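Visitor: Structure, please.
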Amino acid sequence: MKFILILLFLLLNSFSSLFSEINDKILIKVENNIITNYEFKNKILRLLMFSNTEVTQENINLIKKSALDSLLMSEIKKIELSKYPIKIDQKQLDSYISKISVSNINELKKRFNQNNIDYDLYAEEMETELMWQNLIYSKYSNKINIDESILNAEIKKVLDNQEKIKEFNLSEIEISLESLDENLIKKKTFEIKEKIDNQGFEKVAMTHSVSLSSSSKGNLGWINSESLSKEILDIVKEMAIGSVSEPIIKQNNLIFLKLNEKRFTDPKVINKKILKERILNKKKNELFNLYSRSYLSKLKNNSLIEYK
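Guide: Here you go, the predicted model:
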């Protein structure tokens, strides 16, 4: 992996004017905030380190665009967050980073250091993401009310099923199609499919997905088959482990699913309380994602963004 990152540095230094030798060169100005070349290079290296993407001349431009888009959205979040008294302590941040990177903090810092990547920039981005999630929860929690009868009906449906119940470990990529016409939707679909093929599902989920699951590389965890819509279930149950679905267009969003694993659960040993909590969390997360996408889209449309 270290060889790949060294190779990337050589590629970066030999490619376009975006990669000036001056690290503090400004690439994008968002309102009064700036994104520098140094942040850009570090973002690319982080994405590659986490996703193990192979660097080629063909995909370098896709990688650079992904990094810039991610930095831009993070900066928009940061500007909005500055208006609110949301704070997180070091313990909360370390716990969040450990969870999404599946690594011990000290080991992660050592890995960053070995590859000459700025860990502090990564920690700052993760702090922004965690604070953004807290902001969304605080703004919209009172608007989310899942009817108890709906939950009980779904639980009964599961428990009444006499056959073994299939569960799927899924990951998702969700792309907003807001304001796009049919031709642009086709173009966007092709672009995302190409990115998945070239960069890997997890990396595209981290850099392009508008879902809150993007911070965990798109992973949704284990989902009961009874909790999925018929449309999604029909797609997932035909997928092979490790495969990615064909594009799904739903509620003005483009969705790709990846099947990580599947298993069967005996309904007789299902804990009703845990099942209810799982179904409730899934429905809440769907609504939180919807509010987050809408909020961020409005912020971006109203932001003064200058590409240098």
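
Visitor: Just the terminal-to-terminal distance for stretch 27-35.
Guide: 6 Å (C-alpha to C-alpha, to the nearest Å).

Visitor: Near Asn113, how many other residues are there?
Guide: 11 (other C-beta atoms under 10 Å). Glycine gets a C-beta too; all of them are placed from N, C-alpha and C.

Visitor: now what about the one helix or strand it maps to, what contacts it?
Guide: Per DSSP states H and E: Asn113 is located in helix 105-114. With contacts defined as C-beta atoms under 8 Å, 6 or more residues apart in numbering, helix 105-114 is touched by Lys2, Met49, Asp94, Ile97, Ser98, Ser101, Ser103, Asp118, Tyr119, Tyr122.

Visitor: Doesn't the second one belong to a helix?
Guide: Okay, so that is Met49. Yes - counting by DSSP: H, G, I helix; E, B strand; the rest coil, Met49 is located in a helix.

Visitor: can you pull the pLDDT of the residue lying closest to it once chain neighbours are set aside?
Guide: Of all residues not flanking Met49 in the chain, Asn115 sits nearest, at 6.0 Å (C-beta to C-beta, 6 or more residues apart in numbering). Predicted confidence (pLDDT) for Asn115: 87.

Visitor: Repeat that for the one 5 residues further on.
Guide: Confidence at Asp120, expressed as pLDDT, is 95.

Visitor: Run the chain-centre distance for the helix holding Asn113.
Guide: Centroid separation between helix 105-114 and its chain, computed with C-alpha atoms, centre = their mean, to the nearest Å, is 22 Å.

Visitor: Which parts of the stretch 151-300 of the chain are strands?
Guide: In the stretch 151-300 of the chain, the strands defined using DSSP state E, counting those that start in this stretch lie at 165-176, 219-224, 248-250, 253-265.

Visitor: Domain parsing of this structure, as residue ranges.
Guide: 2-140, 148-301 (automatic domain parsing).

Visitor: Could I get the full set of helices for the chain?
Guide: 2-14, 37-51, 60-81, 90-101, 105-114, 119-140, 148-160, 182-199, 201-208, 230-236, 272-301 (DSSP state H).

Visitor: Out of those helices, the one nearest Gly221 is which?
Guide: Among the helices of the chain, helix 272-301 comes nearest to Gly221, with 8.8 Å by C-beta to C-beta.

Visitor: what comes up buried for that closest one?
Guide: 275-276, 278-279, 282-284, 288-293, 295-296 (16 or more other C-beta atoms under 10 Å).

Visitor: same thing with stretch 110-126?
Guide: Arg111, Phe112, Asn115, Ile117, Asp118, Tyr119, Leu121, Tyr122, Ala123, Glu125, Met126.

Visitor: And the residue nearest to Met49, its phi and psi?
Guide: In terms of degrees, to the nearest 10, the main-chain angles of Asn115 are phi -100, psi 10.

Visitor: Looks like it contacts Arg46 (just checking).
Guide: No - between Asn115 and Arg46 there is no contact under C-beta atoms under 8 Å: 9.1 Å.
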